[in-house]
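Colleague: after the sequence you'll find the predicted model.
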Amino acid sequence: MTGFWAGWVIGLLVINLGLVLFLFVWAQRVKIHVEPDGTSGHVWAHGVLREGIRDLPLWWALISAAALLFALVYFVRYPGFGNYKGTLSWSSADELERDTRANNAKLEAQMQPLRGLSVEALAANPAAVTIGHRLYLDNCAACHGTEALGNQLLGAPNLTDADWLYGGDTETVMKSILDGRTGAMPALGSVLGREGVNEAAAYVLSLSGTQAPADWVAKGKVRFETVCVACHGADGHGNPALGAPNLTDATWLYGKDFSRVAQSVREGRSGAMPAWRTRLNEDQLRTVVAWIRTRGESPASVP
């Protein structure tokens, strides 16, 4: 914290605590005019309601004094008075570091018996699956969902099916998690024009069995063979080396309705899978992959 902001915090603290202390003392000593009937003289509802005057109850004064004393002790013992660290030298960063070390030690003890096992063996081990599920929820669920079903709004793929952009074998999946992936679908709106985008989208949808106007499909096929084959292949089966998706199946990263596909063609798409190598080690990530395997297709069925 800079000197300016430290001074700002100190000023606010002194003003607020000083004001509270003043009001507390003043409330005990102030003399309020009282009518002979014990009221302030203020009336409402045509004299039916009259404002009474009473001394502050002792319990209120004691609780207020205790709260004020607690606040003063707190700011002596803990940080909060500008850059003053407090007599305990406590910090949330240090506490987080201690908790993280303790948690990592517990996790390491649980991981020790699982180290060296294949993903297939881990998927058959309930303890490993439980660890993998927890690690998945902590690190992956924000994008791929708690059930690993993906999120089309983010372009985060469903991890429970047999469709894998870069390949579904264990080695490739591990590489995707450890090192991350970056994919980009170029925007073709300026190249194809409005009609060309609609025609290309119609043809792409027809590859997976979706009905579309026949004239659009025929023209879109020409567009596809001219512009799209370099990445998606002449048959539309994609290219795992490029992360170009298979267009002939029922899996659509951003949704399969015409408007979403046309948007992908017209405006392009860009997606990034962050690298987790610096956050989780390979043994931990293998338990994550093991849990994913239990959610959907078995490794043997994944191409």
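Modeller: Thanks, I have it. Numbers count the residues shown, from 1 in each chain.

Colleague: number of residues surrounding Asn281?
Modeller: Per other Cβ atoms under 10 Å, the neighbour tally for Asn281 reads 15. For every residue, glycine as well, the C-beta is placed using N, CA and C.

Colleague: apologies, that question was intended for Arg286.
Modeller: The number of residues packed near Arg286 is 27, by other Cβ under 10 Å.

Colleague: for it, list the residues it contacts.
Modeller: 117, 119, 122, 132, 174 (Cβ atoms under 8 Å, 6 or more residues apart in numbering).

Colleague: and the pLDDT for the residue lying closest to His42 once chain neighbours are set aside?
Modeller: Nearest residue to His42, sequence neighbours excluded (Cβ to Cβ, 6 or more residues apart in numbering): Glu51, at 4.1 Å. The model reports Glu51 with a pLDDT of 86.

Colleague: partner strands of the host helix or strand of Glu51 and their direction?
Modeller: Using DSSP states H and E, Glu51 sits in strand 49-52. Note on strand 49-52: by DSSP bridges, its sheet partners are strand 39-44 (antiparallel).

Colleague: make JSON lines out of the contacts of Arg286 and add pLDDT.
Modeller: What follows is these, written out as JSON lines (pLDDT from 0 to 100):
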{"residue": "Leu117", "pLDDT": "92"}
{"residue": "Val119", "pLDDT": "94"}
{"residue": "Leu122", "pLDDT": "96"}
{"residue": "Gly132", "pLDDT": "96"}
{"residue": "Met174", "pLDDT": "94"}
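
Colleague: domain-wise, how is the chain divided?
Modeller: Domain ranges of the chain: 58-90, 104-180+274-301, 184-273, per automatic domain parsing.

Colleague: can you map out the strands along this protein?
Modeller: Residue ranges of the strands in the chain, as given by DSSP state E, are 39-44, 49-52, 181-185, 269-273.

Colleague: with respect to Gly236, which of those strands lies nearest?
Modeller: Proximity to Gly236 (Cβ to Cβ) singles out strand 181-185 among the strands of the chain, at 14.0 Å.

Colleague: I appreciate the help and will end here.
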